[in-house]
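Colleague: Make a model of this:
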Amino acid sequence: MVKQKKESGMFGEHWSQSFTNALDRNEKMKSAIDDVELSQSYTGKAGVRLRMASKLIRARKARNVNRDAIHIKLGGFDTHSGMRDSLDVTLEDLNSGLDSFTKEMEDLGLSSNVTVIVGSEFGRTFTPNTDGGTDHAWGGNYFMLGGAVKGGKIVGKYPNSFADNDPTSCGRGRLIPSQPWDALWNGVAQWFGITDEESLNYILPNRLNFPPSDLFQHDDLFES
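Modeller: Sure, this is the predicted structure:
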């Protein structure tokens, strides 16, 4: 009787190696951040997430990185009912987390090297629904903060009117965006060190669909 030797195959071996590499990277990451001490205390849902961001930044040398793009997801803003009571809690939570994170970066001397963008994938209606909430809309606003940011101002085009008959309105307070999503990231990418047109077009392919006047540049958003 001949026993057939089982082979995992090229794809199986590649998957196994990728899985092993991921476990190894995770162990190195855990080791790098376990001993990190923070100067600020963090509370709440936003605070827990920003606490980890602070740890990653403090451990940047151990992680052998010179820049990071950290994505944090925070729910609780899809307020189809009870919007006021809900936002009283979620916005206070967000503010507390950002306050601790900002102070942490100041203590590190990295305030001008870190930019925080708070945004959503869609806006909300300006008029309420029958449950005291708001529904999905289109255009919205985003907040950006950091030591290098030109703060204290609104960039982009503020609506001339919120009336339903305004050309920028789709009805019920749903506004047509004045700038594309790529407008913000165009300027942020330049601040991040991506300045040549070929590279910008690679990471933001949709920017080619809009005139340059619709895109924010580095100097529109940052002091330095």
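
Colleague: Name the helix or strand for Met105, please.
Modeller: Using DSSP states H and E, the element containing Met105 is helix 83-108.

Colleague: what's in contact with the following helix or strand past that helix?
Modeller: Remark: after helix 83-108, the chain's next helix or strand is strand 115-118, criterion DSSP H and E. Strand 115-118 has contacts (CB atoms under 8 Å, 6 or more residues apart in numbering) with 94, 98, 101-102, 142-146, 148-149, 184, 188, 191, 222. All C-beta atoms are positioned from the backbone trio N, CA, C, and that covers glycine.

Colleague: among those, which one has the lowest pLDDT?
Modeller: Lowest pLDDT within the contacts of strand 115-118 is found at Tyr142 (90).

Colleague: can you pull the contacts of it?
Modeller: Ile117, Val118, Gly119, Ser120, Leu184.

Colleague: What is the burial count for the first one?
Modeller: Taking other CB atoms under 10 Å as the neighbour definition, Ile117 ends up with a count of 13.

Colleague: Next one: it from Trp185, what distance?
Modeller: For Ile117, the distance to Trp185 (CB to CB, to the nearest Å) stands at 9 Å.

Colleague: just the fourth one next, same as before
Modeller: The span separating Ser120 from Trp185 equals 15 Å under the rule CB to CB.

Colleague: out of the two, which sits in the busier spot?
Modeller: Trp185 (20 against 12).

Colleague: so who does the more buried one touch?
Modeller: Trp185 neighbours (CB under 8 Å, 6+ apart): Leu204.

Colleague: now the one 3 residues further on
Modeller: Contacts for Val188 were tallied using CB under 8 Å, 6+ apart; they are Thr115, Ile117, Met144, Leu221.

Colleague: How about the last one: what's its closest non-neighbour residue?
Modeller: Same thing as Leu221. Gly187 (4.2 Å; CB to CB, 6 or more residues apart in numbering).

Colleague: Pick out whichever of the contacts of strand 115-118 sits closest to His14.
Modeller: Val188 (34.6 Å; CB to CB).

Colleague: quick one: which helix or strand includes the closest one?
Modeller: helix 181-191.

Colleague: Which positions in the helix or strand that that helix is followed by come out as buried?
Modeller: Per DSSP H and E, helix 181-191 leads on to helix 197-203 as the next helix or strand towards the C-terminus. For helix 197-203, a neighbour-count test (16 or more other CB atoms under 10 Å) marks Leu200 as buried.

Colleague: CA atoms of helix 197-203 as CSV?
Modeller: Output of helix 197-203 as CSV, limited to C-alpha atoms (Å, rounded to 0.1, in the frame of the first residue of the first chain):
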residue,chain,number,x,y,z
GLU,A,197,1.8,65.3,-8.9
GLU,A,198,2.3,61.7,-9.9
SER,A,199,2.3,60.4,-6.3
LEU,A,200,-0.7,62.6,-5.4
ASN,A,201,-2.6,61.2,-8.4
TYR,A,202,-1.7,57.7,-7.3
ILE,A,203,-3.1,58.0,-3.8
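
Colleague: in whatever helix or strand comes next after it, what counts as buried?
Modeller: Next helix or strand after helix 197-203 toward the C-terminus (DSSP H and E): helix 218-221. Neighbour-count burial for helix 218-221, with 16+ other CB under 10 Å as criterion, is recorded at His218, Leu221.
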